[in-house]
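> this one's structure only:
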């Protein structure tokens, strides 16, 4: 099992000296990406190119490579192919003859990425460059600097790029002869060393860059040649043996390679491009104990100068490689695959194929990764969904169950799939797991009219497959199916079994609402405890009632951490407690939330009214936007305080004018925005002698405070839910 380490590096660069340690954060990464793209645009020449690489002129091999790499990096960073500067660069590339392996491979990747937003425009160029690469490697799977058939000299650097170019054509659905993948596979298998690594040429020592090239190349070949091996469960284990040996080499040496060791003829930027490809292909979050993206990005944050990184082959090349690493590695992780005791990886390429397909459908690149039960739950929040699959009985300890429960209560959701019929125990075992995790909620079969099957989410799926949902009444905590969707994903049956891919898409959208809302890799919505100083303390009481009063138990834990960090205020959260205990609690603010009809006894209404009249500030919100709760809660408030006192708060109300923290506009969840057609707060208040005594919201605040995206929630977006509750607490006297 892999474990995490703190993401802070003290870096040493030869000739530069020791650099100040920098802690990874997504804002810094985004700024580094912005500076790098600006540098590359400044470096573009008047003819649209980035100049020829090397000593010679136009006729030198790979003379378009430097431009192709810069264009590829810019396209991956989101530049539209129709941008005038990009259009000029693409036209220059298309006009140039080329026979160098590196340049042809990079051009293939340029054409493939450009085609995503301008379908078919560059297909002929892609086909022509890929055909030249295929012809050069079809005989023995290895490449030299010129991409010509029959070359005797070869090296693994050229060889990994030759394959990379042909693979770009395959990803664009261009036909590649099946035997090509097998020939290339044999090359990489025959040149692997006993230590699991690869050298630049036969007999050379294993180097980091060639190891990433070997592992990434074998993943491509095995995906094309061997994906049909995984029809049955429990046959081959978690990895192809040769890939595992390569990964083991990285596990052992990765920390050292980040210090510049064992790079061979490469430089750090070329190497990091290889790391990114292996990380994304394998799904590994860690190599050894190192989070490859956070550590690599932290190194780049420390070494960027003037927007660029100047490596062995100059600033344009170094910057382009670094930019690709930052951008592609940063793409959102939509699914974490859980490694646990059992047959958790029967279909090792299921999520790789699924997320590749989703990236095309959602028009946003999304990734997957593997996480395990030995690391803290905070390491799981790269993705909003935890994927669990198997056929055998899953074995979870009490500590494992605690972590699973914490992940879900912190806003995550579980998606589980029974493989091979689950006759070996998974089908029953996963249900027993859910009962242990959430004994108060039931896994319920979805009717054919359930939203998870409808175009309201994404695709029409008339009851296929059968889904079961475990919900807290606000959102799905877990979605399960006994249909073996993973087999269809593994076999890449995107046409004949397209429904299996559509089903997964609907699950993702049902849980997250919009893929565009999923956070970049390495970021989390769950804040760490704040250790700095605070200027005041406010006690906040969570109240019980006869109904479902606590659908999101950790909402105010997250809120209190944010309040300390963002507003210098310690919020001491009490309860849930009985309303009768509120007067003696010392609380200045009390919250009342729930799902379904609210019912309060006369005694509770009397006690709550007296507490408000004595200076307390009550917040009532319908969790998830529950209409039944909203209707009944408003009726009770009017009964307690009188109809005339429950009024909508004006935009200039003191609650929205807290000094230094005004609220002029708010963000709503998508379905709420469509319903309300406004961007101002939709709150009602109870005024008592000019003082705000209660705040009422039909739109959800509670789920917003947990901070997750959701299709099912009708209410405020997380950032606005926090701002409203922040001002409530700061308004308390």
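Okay, I see it. Please read all numbers here as calculations on a predicted model, not as lab measurements. Residues are numbered from 1 along each chain as shown.

> Name the helix or strand of the protein that has the lowest mean pLDDT.
Ranked by mean pLDDT, DSSP states H and E, the helix or strand of the chain with the weakest confidence is strand 12-13, at a mean of 34.

> where's the closest residue to residue 63 other than its chain neighbours relative to residue 322, distance?
When the adjacent residues along the chain are set aside, residue 63 lies closest to residue 52, with 4.1 Å between them (C-beta to C-beta, 6 or more residues apart in numbering). Heads up, the C-betas are built off the backbone N, CA and C, glycines and all. Residue 52 sits at a distance of 21 Å from residue 322 (criterion: C-beta to C-beta, to the nearest Å).

> What pLDDT is listed against the residue nearest to residue 63?
On the pLDDT scale, residue 52 is placed at 80.

> isn't it right up against residue 60?
Yes: counting by C-beta atoms under 8 Å, residue 52 does reach residue 60; the two are 6.5 Å apart.

> So which of these two has more stuff around it?
Looking at residue 52 and residue 60 with other C-beta atoms under 10 Å, you find the greater number of neighbours at residue 52, namely 19 against 13.

> where exactly do the helices run in the stretch 101-250 of the chain?
Listed in chain order, the helices of the stretch 101-250 of the chain (DSSP state H, counting those that start in this stretch) span residues 101-117, 123-137, 156-171, 178-190, 208-225, 241-257.

> who touches the shortest one?
Residues outside helix 178-190 that contact it (C-beta atoms under 8 Å, 6 or more residues apart in numbering) are 134, 137-142, 159, 163, 166, 198, 214, 217-218, 220-222, 224-225, 242.

> Just the buried residues of these.
Neighbour counting by 16 or more other C-beta atoms under 10 Å classes 134, 137-138, 140-142, 159, 163, 166, 198, 214, 217-218, 220-222, 224, 242 among the contacts of helix 178-190 as buried.

> tell me the domain boundaries of the chain?
By the record's domain assignment, the chain is partitioned as 20-330, 333-517, 536-731 (automatic domain parsing).

> how about these in JSON lines, adding distance to residue 524?
Supplementary listing: those in JSON lines, determined by distance: least, C-beta to C-beta, whole Å:
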{"stretch": "domain 20-330", "distance to residue 524": "10"}
{"stretch": "domain 333-517", "distance to residue 524": "4"}
{"stretch": "domain 536-731", "distance to residue 524": "9"}
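
> between the ones you listed, which one is nearest to residue 523?
Between residue 523 and the domains of the chain, the shortest separation by C-beta to C-beta is 4.5 Å, and it involves domain 20-330.

> If I look at residue 200, what pLDDT would I see?
We have a pLDDT of 96 for residue 200.

> ok, for it, nearest residue in space, not its chain neighbours?
With sequence-adjacent residues excluded and distances taken as C-beta to C-beta, 6+ apart, residue 200 is closest to residue 155, at 5.4 Å.

> do you know how far that neighbour is from residue 198?
With distances defined as C-beta to C-beta, the gap from residue 155 to residue 198 amounts to 10 Å.

> Kindly report the same for residue 37.
From residue 37 across to residue 198, the span is 33 Å (C-beta to C-beta).

> now residue 403
37 Å.

> Kindly report the same for residue 332.
When C-beta to C-beta is applied, the distance between residue 332 and residue 198 equals 31 Å.

> what's the answer for residue 163, then?
Residue 163 sits 13 Å away from residue 198, going by C-beta to C-beta.

> Skipping its backbone neighbours, what lies nearest residue 574 in space?
With C-beta to C-beta, 6+ apart as the criterion, residue 574 has its nearest non-adjacent residue at 4.5 Å, and that residue is residue 541.

> From residue 38, how far out is the one you found?
If you measure residue 541 against residue 38 using C-beta to C-beta, the figure is 51 Å.

> if you count what's nearby, which of these two comes out ahead?
Neighbours were counted for residue 541 and for residue 38 using other C-beta under 10 Å; residue 541 has more, 25 against 13.

> surely residue 577 meets residue 539?
No: with contact defined as C-beta under 8 Å, residue 577 does not reach residue 539; the gap is 11.1 Å.

> Need the residues touching each of these two.
Taking C-beta under 8 Å, 6+ apart as the criterion, residue 577 and residue 539 both touch residue 585.

> Now do the helices in the stretch 251-400 of the chain.
268-282, 292-303, 315-330, 350-362, 398-409.

> how about the ones you listed in TSV, adding distance to residue 525?
Shown next, in TSV, are the helices of the stretch 251-400 of the chain (distance: least, C-beta to C-beta, whole Å):
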stretch	distance to residue 525
helix 268-282	23
helix 292-303	17
helix 315-330	16
helix 350-362	20
helix 398-409	12
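
> Can you add mean neighbour count, distance to residue 202 and mean pLDDT and give these back as a markdown table?
What follows is the helices of the stretch 251-400 of the chain, written out as a markdown table (neighbours: other C-beta atoms under 10 Å; distance: least, C-beta to C-beta, whole Å; pLDDT from 0 to 100):
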| stretch | mean neighbour count | distance to residue 202 | mean pLDDT |
| --- | --- | --- | --- |
| helix 268-282 | 24 | 20 | 96 |
| helix 292-303 | 24 | 28 | 95 |
| helix 315-330 | 24 | 26 | 97 |
| helix 350-362 | 21 | 30 | 95 |
| helix 398-409 | 16 | 46 | 98 |
